[in-house]
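Visitor: Sequence first, predicted model second:
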Amino acid sequence: MNREKWNTRYKKCIKTQYEHFSSLSSILLAYNINIDLITHITEKDLTFLEDTSFFTQLTECMIAGKAKEVIISDADRQILESLHYDEKSIGGQAGIMANLFSLFPIEEIVLYTPMCREQAQMLSPTDALVVPDAHCRLVDPHTILSDINPDYHFILEFKKGMKIAGSTVPRDNRFIASCPLSFPENNCTSIFHREYDHAIISGFHLLETPHVPDIARNHIQALQYRAHYECASTRSSLLPPLLDYFTNFDSLGVNECELNEILTTLGEDPVETVIDMYEGLKIVKKVLHLNRIHLHHLGLYLTLIDAQKDPEKTRHALLYAALMAAARAQQGHLSSWEDAQSGLTAPLSPRGISSLAHLSSYLDSPTVVESGIHEDEQGYLVSIPARVVDTPVRTVGLGDTISGLAYVGQ
């Protein structure tokens, strides 16, 4: 692999992506926003958490070094509220992406979600960011006066090297203990009939019942299926109706765990290797009638797109997403689109380079390891080796950063 060629592509993508984002008029984001309470748990904290209903899932994630999100009970919440938290920040895919896209000169970012004053104050002060009020008028979120209690989600960050049940945690990651979704009470379907350059929907993994509200189906129909759904770890009882709902979308974003949850629900074997992941993505894309599916995995991003899409634009978007994710991991937050420059200091992932080489060999296409692009009768595979931050400040929000920029940036 020619590392210098990949590094050159990384450097060139920053200006290209800024110009692309500067040309956008509007983005719609729905439905979930909350406040994340973030703590870096210690081995002592694990003893305190033994009485929670999710303790086994937490330890399994730590031993595997994988992220997971679960719905918690009131009893779990009371235990978690007793922990010390290092910081508070905006959470939920829609909330995180709203602040992310506010870093660019996009004319309008519409955030459709229930909101209270405390949540609103954590959103970017940009004039571009607006929310519908009770009369479906788009207003500055900082004018929201509701003092209802916000949804607090508990982010348990864990560090590589921790000891647990005779095992060593292999990588930094997080476990998210979430409250159920508060679905928007106002039926502002008119918001979804407006024209948008891009729309991103998320949050249904937090529903308490295996039922997608009819209002949500009306919303996606109003968008005429030109939208991306950002997945999160979902209970198996919810997935069958959600997969039917996903067929209404143009694009889907997943990580390895979410991909496996979908494949298992479809009756397919779970994946482990990069080759399995590639084949698994092909299955999901075909079954759900998607035009695009994106996987962000440790060190490597994979995207499958239809033939009418531009693979080089998709690659630019993936490269820029990787830089911004690296910058966020290094700094714990993003303050400008130019933070991508600091992402250049993170090295190319050795694991990503190795995985790309395996893909190139499997596809019998030597150029894939150099270009990351492979064409077949269905369309294109676009893949890149990501940048790796060995000791991230925090990991929450990285997947949303990657998926949001990879989708909107193409």
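Guide: Noted; the coordinates are in hand. Numbers count the residues shown, from 1 in each chain.
Visitor: make it CA atoms for all contacts and neighbour counts henceforth
Guide: Noted.
Visitor: Please name the nearest non-neighbouring residue to residue 62.
Guide: residue 169 (5.6 Å; CA to CA, 6 or more residues apart in numbering).
Visitor: what's near enough to touch the one you found?
Guide: With contacts taken as CA atoms under 8 Å, 6 or more residues apart in numbering, residue 169 has the following neighbours: 62, 63, 64, 65, 159, 160, 161, 162, 163.
Visitor: let's go with 7 Å and repeat that
Guide: With contacts defined as CA atoms under 7 Å, 6 or more residues apart in numbering, residue 169 is in contact with 62, 63, 64, 65, 160, 161, 162, 163.
Visitor: who's in contact with the closest residue to the fifth one other than its chain neighbours?
Guide: Leaving aside its chain neighbours, residue 160 sits nearest to residue 171 (4.3 Å; criterion: CA to CA, 6+ apart). Listed by CA under 7 Å, 6+ apart, the contact partners of residue 171 are 65, 159, 160.
Visitor: what do you get if the cut-off is 8 Å, keeping everything else the same?
Guide: Residue 171 neighbours (CA under 8 Å, 6+ apart): 65, 66, 159, 160, 161.
Visitor: now swap in residue 349 and tell me
Guide: Residue 349 touches 299, 300, 385, 386, 387, 388, counting by CA under 8 Å, 6+ apart.
Visitor: and the gap between the residue nearest to residue 62 and residue 162?
Guide: Between residue 169 and residue 162 the distance, using CA to CA, to the nearest Å, works out to 5 Å.
Visitor: try residue 87
Guide: Applying CA to CA, the value for residue 87 to residue 162 is 21 Å.
Visitor: Then residue 95?
Guide: 31 Å.
Visitor: which phi and psi does residue 306 have?
Guide: phi -70, psi 160 (degrees, to the nearest 10).
Visitor: show me what contacts it?
Guide: 291, 292, 378, 379, 380.
Visitor: Quick one: buried ones out of those residues?
Guide: Buried subset of these (neighbour count, 16 or more other CA atoms under 10 Å): 291, 292, 379, 380.
Visitor: Cross those against strands and list the overlap.
Guide: 292, 379, 380 (DSSP state E).
Visitor: ok so, going back, pipe the contacts of residue 306 into a markdown table and attach distance to residue 231 per row.
Guide: Formatted as a markdown table, those follow (distance: CA to CA, whole Å):
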| residue | distance to residue 231 |
| --- | --- |
| 291 | 16 |
| 292 | 14 |
| 378 | 23 |
| 379 | 23 |
| 380 | 22 |
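Visitor: before we move on, the earlier item: gap between the residue nearest to residue 62 and residue 394?
Guide: From residue 169 to residue 394 the distance is 15 Å (CA to CA).
Visitor: So which residues of the stretch 301-410 of the chain form helices?
Guide: Taking DSSP state H, counting those that start in this stretch as the test, the helices found in the stretch 301-410 of the chain are 311-331, 340-343, 350-362, 368-371, 398-408.
Visitor: what residue ranges in the stretch 101-250 of the chain score low on pLDDT?
Guide: Within the stretch 101-250 of the chain, the stretches with pLDDT under 70 are 182-186, 210.
Visitor: For it, which segments count as strands?
Guide: Assigned by DSSP state E, counting those that start in this stretch, the strands in the stretch 101-250 of the chain fall at 108-112, 129-132, 138-139, 152-158, 163-164, 167-168, 173-178, 198-202, 228-230.
Visitor: Which strands border the first one, and is each parallel or antiparallel?
Guide: Looking at strand 108-112 with DSSP bridges, its paired strands and their directions are strand 26-30 (parallel), strand 129-132 (parallel).
Visitor: and those strands as a markdown table, adding mean neighbour count and distance to residue 314?
Guide: Formatted as a markdown table, those follow (neighbours: other CA atoms under 10 Å; distance: least, CA to CA, whole Å):
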| stretch | mean neighbour count | distance to residue 314 |
| --- | --- | --- |
| strand 26-30 | 23 | 18 |
| strand 129-132 | 22 | 26 |
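Visitor: Including distance to residue 352, could those go into TSV?
Guide: TSV is the format used below for those (distance: least, CA to CA, whole Å):
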stretch	distance to residue 352
strand 26-30	30
strand 129-132	35
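Visitor: who wins for proximity to residue 372 among the ones you listed?
Guide: Closest to residue 372 of these is strand 26-30 (CA to CA; 28.1 Å).
Visitor: Quick one: mean pLDDT over that closest one.
Guide: For strand 26-30, mean pLDDT is 96.
Visitor: What of stretch 346-362?
Guide: 95.
Visitor: how about the residue lying closest to residue 289 once chain neighbours are set aside, what does it touch?
Guide: Of all residues not flanking residue 289 in the chain, residue 247 sits nearest, at 5.9 Å (CA to CA, 6+ apart). Residue 247 makes contacts with 288, 289, 290, as judged by CA under 8 Å, 6+ apart.
Visitor: My guess is residue 94 contacts residue 30. True?
Guide: Yes. The criterion here is CA atoms under 8 Å, and residue 94 meets it with residue 30 at 5.6 Å.
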